[in-house]
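>>> My questions are about this predicted structure, shown below with the sequence.
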Amino acid sequence: MKLSIENLKEGIKWWQEGKWPNDYLNHEYYSIYESRTDGLTERWLQLTLERLVRWKALRSSKPGNTKAKFARLIETQLPDLRTEYQRIIDISRGEPSIRSLVWQDISKLYEKMAGIKDGSAVFASKLGHFIFPNVFIVMDNLGTQVAGYDDYWPGMVNEWNLFQDKDAAFDLLKNEIERHSLDPIHTLYPYETKIIELCHIGDKWKKTKKGRGAPNYSSSSKQFQPPPFLSGIEKSMIRKISDRAKPGSISLGLGEPDLPTPEVIRREAVRVIQEEKNGYTLQAGLPELRQRIASDYAHLDLSTDQVIVTAGSQESLYLILRTLVEAGDEVLIPNPGFIAYPMITRMVGGRAVTYRLPAKSDFGFDLDDFRSKLSSRTKVVICISPSNPTGRALSRDDMGGLADAVTESGSNAFIVSDEIYRELYYTPERPASISEFYPRTIVVSGLSKSMRMTGWRIGWLAGEEAVMRAALVLHGYVVTCASSISQKAALAAWTDEAAVSREEMRAIFHRRRDHLLGLLRNELGLRCVTPDGAFYTMVDVSAYGDELRVAEAGLEHGVVTIPASAFGSESKGYLRISFCADEEKLSEGVRRIGEALKSLERQYHTR
Ligand SMILES: Cc1ncc(COP(=O)(O)O)c(C=O)c1O
């Protein structure tokens, strides 16, 4: 019998000594289930390939066994894997487990997976584990040296059914995870398959450990492993795609204004560098600058102590979530929404709960859905208007409804209002701030977009004094203060000259928006969202297949766009296209998108 508490303890020790991430992959399961939200999509495939590499399932002495080769092999099998995936979900009526299935139910899926890498049980068990963690037991030659999975699986499941100490084993593993993991245990955490795997490894190790030391389950026991709060947090899709652009490509990907910083700010920066001593400022920032920021929110009647100047609004987002959120607190974030929201939420140990901005209503606010996501555990609601990625702004009615819903929920939650795009609008009125509707609002904003100062790193955080006092401690230890040169130059953003420059920029972006929408709709016949602000439009490319493929085809044709599923499941089938490029580039960019779409049409017809 391999399944015993003693073996489980040995297996846990083996893992600890082998330096496998010590939350027993709880964190990884968040990411495995998240990548599978919409089934076995192209995005799932990409993330799974990365994971297969990390979990050492692609290792082979055979030359030519590269990641690219397996990417192609799995891709060709994807339709079959999808069919089997759906069939198994259907027969087990939801997430399957070893209790709801017999070997015959999964043998076909197993055969498909084993066929991808020459009958490799190790490869197939790991790939299977990423599809159904509660069904497929991870096998590793080092740990088990088991060859025939079709014998191993039913044997182990049989042994599991006979195992007397299941409850004690659950408790042992659960306590271990709780001790190490920053996240609450994932609701679908695969206890059974994990216990079987750990017992098996423990049994094997007991017999071989004398003189051998801990087997090296990860690539090297000396190799650095990120701590659990950072593991699985990868470079954003935006960077990944942009980094792959060919020379000469047109970028409609990044959200960074292409126009120069206003002259008045640049002049002031040069003067300050030449004429002034530029030491540290107060940690919260220059009092004059904080006063000007406070004056932008007259309705809040802020004192300078209620404003912190940060190194960009990205720092503000981190500060505020780190300050407000404790382990297990719920953070409501828009779907689709800026990628940093769920990532930072995870880093600080919170639980991201998404509210839908439905694609079918052009990503407008859905009060009923929002209300249904509030709970007594909601600590923070993130609200953004105008939005990245959709460009949509919340109307005053939306804001009123949203604020009332939060108040009525009794959660006493804070609203974090990301207003980084508030100065860039195409509506007759400047979009409102939720802080006009809900007093417990913390404003996050900055000059990156409104003054084209992305590289200058000036942002701010403003709101309740006690919260700002706590956030300031963190800010002080992390960055001390924002750049003194940038802060001094930023004062010029409140001059008349800067205001004129802001108006000119708004007019330029308004023209570009209309130019781009005209081309996408009239030349390419695509459906796209009319943005109220910011510099993005969401374009429906679902007729051409998976948006990742469309973005890939764009890259081939020299134009960078972002597959919008990176911002949440609601924007699947869309590309986010930014208009941080002049009209000539936009025309050429759209022409290239057209070529890319034609190439996809050709592929469809020749299949
Ligand atoms: C919605 C949103 N919030 C915050 C930021 C961070 O901007 P910064 O740190 O430059 O102020 C960005 C940048 O793209 C953004 O799109």
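Nice, thanks for sending it over. Residues are numbered from 1 along each chain as shown.

>>> who touches whichever residue of the stretch 501-607 of the chain sits closest to the ligand in this structure?
Closest contact between the stretch 501-607 of the chain and the ligand, by CB to the nearest ligand atom, is at A534 (7.7 Å). In this view, the C-beta of every residue, glycine as well, is placed from N, C-alpha and C. Residues near A534 by CB atoms under 8 Å, 6 or more residues apart in numbering: 255, 386-388, 391, 421, 424, 449.

>>> Domain ranges for this protein, per the record?
As assigned by automatic domain parsing, the chain contains the domains 5-208, 237-255+498-606, 274-494.

>>> From A596, how far out is the residue found closest to L254 once you drop the neighbours it is linked to in the chain?
Closest residue to L254 apart from its sequence neighbours, by CB to CB, 6 or more residues apart in numbering: S242 at 5.8 Å. Distance, S242 to A596, by CB to CB, to the nearest Å: 16 Å.

>>> sorry, back to before: could you look up the SS state of the residue nearest to L254?
helix (DSSP: H, G, I helix; E, B strand; the rest coil).

>>> and K174, how far is that from L45?
32 Å.

>>> These two - which one has more neighbours?
L45 (19 against 14; other CB atoms under 10 Å).

>>> Pull the residues that contact the helix or strand hosting that one.
Here L45 sits within helix 42-54, counting by DSSP states H and E. Residues outside helix 42-54 that contact it (CB under 8 Å, 6+ apart) are 28, 31-32, 35-36, 38, 58, 67, 70-71, 74-75, 78, 123, 126-127, 130, 234, 546, 548-549, 563, 565.

>>> ChimeraX command for the buried members of those residues?
Buried residues within the contacts of helix 42-54, by 16 or more other CB atoms under 10 Å, are selected in ChimeraX with:
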select :28,31,32,35,36,58,70,74,123,126,127,130,546,548,549,563,565
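
>>> In this structure, which residue sits closest to the ligand?
For the chain, CB to the nearest ligand atom, closest residue to the ligand: G312, 2.8 Å.

>>> Run through the residues that contact that residue.
With CB under 8 Å, 6+ apart, G312 has these contacts: 446, 448, 454, 457-459.

>>> As a markdown table, the residues you listed with distance to A168 and neighbour count would be great.
Output for those, formatted as a markdown table (distance: CB to CB, whole Å; neighbours: other CB atoms under 10 Å):
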| residue | distance to A168 | neighbour count |
| --- | --- | --- |
| G446 | 53 | 29 |
| S448 | 55 | 22 |
| T454 | 55 | 17 |
| R457 | 53 | 21 |
| I458 | 56 | 26 |
| G459 | 51 | 25 |
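
>>> Y152 against M139, yeah?
Yes. Between Y152 and M139 there is a contact at 7.2 Å, judged by CB atoms under 8 Å.

>>> Which residue of those two possesses the greater neighbour count?
M139 (28 against 18).

>>> so that one is in which element?
Going by DSSP H and E, M139 is not part of any helix or strand.

>>> what separates it from P227, distance-wise?
M139 is 27 Å from P227, by CB to CB.

>>> what about I382, distance to C199?
Distance from I382 to C199, by CB to CB: 42 Å.

>>> Kindly report the residues of this structure close to the ligand.
255, 312-314, 338, 384, 388, 418, 420, 446, 448, 454, 459 (CB under 6 Å from any ligand atom).

>>> now, which of those residues sits nearest R266?
When the residues of the chain next to the ligand are compared for distance to R266 (CB to CB), T454 wins out at 13.9 Å.

>>> hang on, the earlier thing: wait, the residue nearest to L254 sits on S251?
Yes. Between S242 and S251 a contact is recorded at 6.7 Å, counting by CB under 8 Å.

>>> Quick check: neighbours shared by the two?
With CB under 8 Å, 6+ apart, S242 and S251 have common neighbours V560.

>>> quick one, phi/psi of V307?
Backbone geometry at V307, expressed as degrees, to the nearest 10, gives phi -130, psi 130.

>>> Once you drop chain neighbours, what's closest to it?
R290 (4.1 Å).
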